[in-house]
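Colleague: Build me a model:
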Amino acid sequence: MNIGKIFDLSNKTIVITGAAGFLGSQYAEGLSQVGANVVLADINYKECQRMSNYLKKEYLTNPLAVKLDLTKSQSINSMVQKILKKFEKIDVLINNAADQGNSKLRTTSFEDFPLKYWNKAIDVNLTGVFLCCQKIGKVMVKQRKGVIINISSTYGLVAPDQRIYGKSGQNSAAFYATTKSGILNLTRYLASYWQRKGIRVNTLSPGGVEKNQDPDFIKKYSERTPLGRMAKKDEYIGPIIFLASEASSYMTGSNLIVDGGWTAW
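Modeller: Numbers count the residues shown, from 1 in each chain. The predicted structure follows:
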């Protein structure tokens, strides 16, 4: 076995939804470092263009910036057409984009939560993932090969610990736990549905990432975690490379939990 080879992603076409976001941009840079040509797909097209120029110059890869609205099927179709025109294949899809709502929504009580924002989150977090898997899955079926990585969360596995939030504004709304939980069984369904067609489908469930949150929240979150801290922003790059590469070749329908031990107790 050539260990270097099984992690090699040179010239692989990897689609990242929500690429302009905090973790999406980390995935894009990490994958570019190992030679992948990343498709930066996000509603924030300007940031995707900026990232594309940076990655091309820094890592000599061939990235592609695409404006993507996950709530519109035609936008996803257009993205797929642009990718195939440029690369003629899609090797990996990372369904990373997610609507978490603003701090006001996150602190709104469940009893008073507006239906329109619930529906918006369902459209992005679940229906958008369904559509991307459907449209890109068709390409992968024809290729007889492909990898899909769906991003869930520890809150897809367990309920948020309401004691740690206080007035931090970091509260997790009901729609987030609901949609992230749905991701887990969509992964299992697709892994079973596409069995023996060369398509592997897995989930990554990350824990909380430190990014200048309220100090009291960071302290309480860290105390609740066996490793005693929140994740650093680049600590999910390794798991993403593992799931995207041949290093995980005998893995499908699974959920890789990387949460500092949060769900271990």
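
Colleague: For the longest strand anywhere in the chain, name the packing helices and strands.
Modeller: Across the chain, the strand with the greatest residue count (assigned by DSSP state E) is strand 199-206. Counting contacts by 3 or more CB pairs under 8 Å, 6 or more residues apart in numbering; DSSP states H and E, strand 199-206 is packed against helix 128-143, strand 146-151, helix 174-193, helix 237-244, strand 255-258. Quick note: C-beta positions are derived from backbone N, CA and C, even for glycine.

Colleague: export these to a markdown table and tack on mean neighbour count, mean pLDDT and distance to Ser205?
Modeller: Listed next are the helices and strands packed on strand 199-206 as a markdown table, based on neighbours: other CB atoms under 10 Å; pLDDT from 0 to 100; distance: least, CB to CB, whole Å:
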| stretch | mean neighbour count | mean pLDDT | distance to Ser205 |
| --- | --- | --- | --- |
| helix 128-143 | 18 | 98 | 14 |
| strand 146-151 | 26 | 98 | 8 |
| helix 174-193 | 18 | 97 | 8 |
| helix 237-244 | 20 | 98 | 10 |
| strand 255-258 | 18 | 98 | 5 |
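
Colleague: would you turn the ones you listed into a markdown table with distance to Met230?
Modeller: What follows is the helices and strands packed on strand 199-206, written out as a markdown table (distance: least, CB to CB, whole Å):
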| stretch | distance to Met230 |
| --- | --- |
| helix 128-143 | 25 |
| strand 146-151 | 17 |
| helix 174-193 | 17 |
| helix 237-244 | 16 |
| strand 255-258 | 12 |
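
Colleague: The nearest residue in space to Asn44 that is not next to it in sequence - how many residues pack around it?
Modeller: Of all residues not flanking Asn44 in the chain, Ala20 sits nearest, at 4.1 Å (CB to CB, 6 or more residues apart in numbering). As a burial measure, Ala20 scores 24 neighbours (other CB atoms under 10 Å).

Colleague: Low-confidence regions, the chain specifically.
Modeller: Within the chain, no stretch has pLDDT under 70.

Colleague: any idea how far the most centrally placed residue in it is from Ile16?
Modeller: For the chain, the residue nearest the mean C-alpha position is Asn96 (2.1 Å; CA atoms, centre = their mean). Distance, Asn96 to Ile16, by CB to CB, to the nearest Å: 6 Å.

Colleague: Common neighbours of those two, please.
Modeller: 24, 27 (CB atoms under 8 Å, 6 or more residues apart in numbering).

Colleague: one step back: mind checking which of the helices and strands packed on strand 199-206 is nearest Thr107?
Modeller: Taking CB to CB, helix 174-193 is the member of the helices and strands packed on strand 199-206 nearest to Thr107, at 12.5 Å.

Colleague: Summarise which helices and strands the closest one is packed against.
Modeller: Checking 3+ CB pairs under 8 Å, 6+ apart, helix 174-193 ends up next to helix 115-122, helix 128-143, strand 146-151, strand 199-206.

Colleague: The last one versus helix 128-143: what angle between them?
Modeller: Angle, strand 199-206 to helix 128-143, by axes from the mean of the first three to the mean of the last three CA atoms, to 10 degrees: 150 degrees.

Colleague: list the buried ones in the helix or strand following the longest strand of the chain?
Modeller: Proceeding N to C from strand 199-206, the next assigned helix or strand is helix 215-223, under DSSP states H and E. Under the neighbour-count criterion of 16 or more other CB atoms under 10 Å, helix 215-223 has 217-218, 220-222 buried.

Colleague: Ok, stretch 57-66 next?
Modeller: Residues of stretch 57-66 classed as buried: 59, 61-66 (neighbour count, 16+ other CB under 10 Å).

Colleague: Okay then, goodbye and thanks.
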